[in-house]
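# 3D model of this:
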Amino acid sequence: MKIGILRAGHSPDGMIEAMGNYDEMFVTLLAGNDFTFQTYSVVDGEFPASAQEADGWLITGSKHGAYEDHAWIPPLENLIRDINSADKPLIGVCFGHQIIAQALGGKVEKFKDGWSVGRTEYTLDGKTVALNAWHQDQVTQLPTGARVVGSSDFCANAMLAYGDNIWTVQPHPEFSPEFVDGLIKSRGIGVVPDAQLADASTKLDQPLDRTDIAAHMAQFFKSKARA
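A predicted model of the protein is given here:
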């Protein structure tokens, strides 16, 4: 099964060599499932010719906001609508979660209560899961047809499903504790409140459910492929 990764941003320059770019993190996260991958760096204007170029699609995170005025945002929204119309499986993570909601009629904005950073617990299908978060923007209005499958006290619309072909998640299953530590030092200082960064740093050694969410994502792709 071929997964097209739509890379919407890049890891900080000083971290790419040691920990990989955003697309590479997902290749590692989803390894062992007989997937092949092709990256399209949409943030740099590189797009597939059509939704048919892959069997499933994944949109990465980004430092950019879905609502910002970038030349690559409108064609990405068009591609999202084409993927949905083609009934291809699509997963969105953080920015990907947000841009899918926006493309399908929802609203994304900076959350009035600020940031979510580091290890955060969510309720997913009635179970508690812990993943690393790194965001200020949130989906604040759902598109028609979206249903909430995961949430936290801070982020009500943390995980969304649309029919049986789109699943999106606000936190980052691909982010390791080491990567979050790097973000704290490279992008957090002076942007995220110091107290939040300090709290996130104290939780770097606490367990995460990255493996379980990776299995969920892989099964989502495979189930849709067999349908």
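
# and the spatially most central residue of the chain, what are its phi and psi?
The geometric centre of the chain, computed from its C-alpha atoms, lies nearest to Val93 (Cα atoms, centre = their mean), at 1.0 Å. Per-residue torsions, Val93: phi -120, psi 130 (degrees, to the nearest 10).

# with the one 5 residues further on instead?
Dihedral angles phi and psi of Gln98 (degrees, to the nearest 10) take the values phi -70, psi -50.

# that one against Ala66, yeah?
Yes. Between Gln98 and Ala66 there is a contact at 4.4 Å, judged by Cβ atoms under 8 Å. (Glycine included, C-beta is placed from N, CA and C.)

# next up, the contacts around Thr123.
129, 150-152 (Cβ atoms under 8 Å, 6 or more residues apart in numbering).

# so what pairs up with it in the strands?
Beta bridges link Thr123 to Thr128, Ser151 when assigned by DSSP bridges.

# measure stretch 85-92 end to end?
16 Å (Cα to Cα, to the nearest Å).

# can you point out the buried residues in it?
Neighbour counts using 16 or more other Cβ atoms under 10 Å place 88-92 of stretch 85-92 among the buried residues.

# try stretch 97-111
For stretch 97-111, by 16+ other Cβ under 10 Å, it's 97-104, 106, 108-109, 111.

# equivalent analysis for stretch 139-150, please.
139-140, 142-143, 146, 149-150.

# and if you look at stretch 52-70?
For stretch 52-70, burial by neighbour count (16+ other Cβ under 10 Å) applies to 54-62, 64-66.
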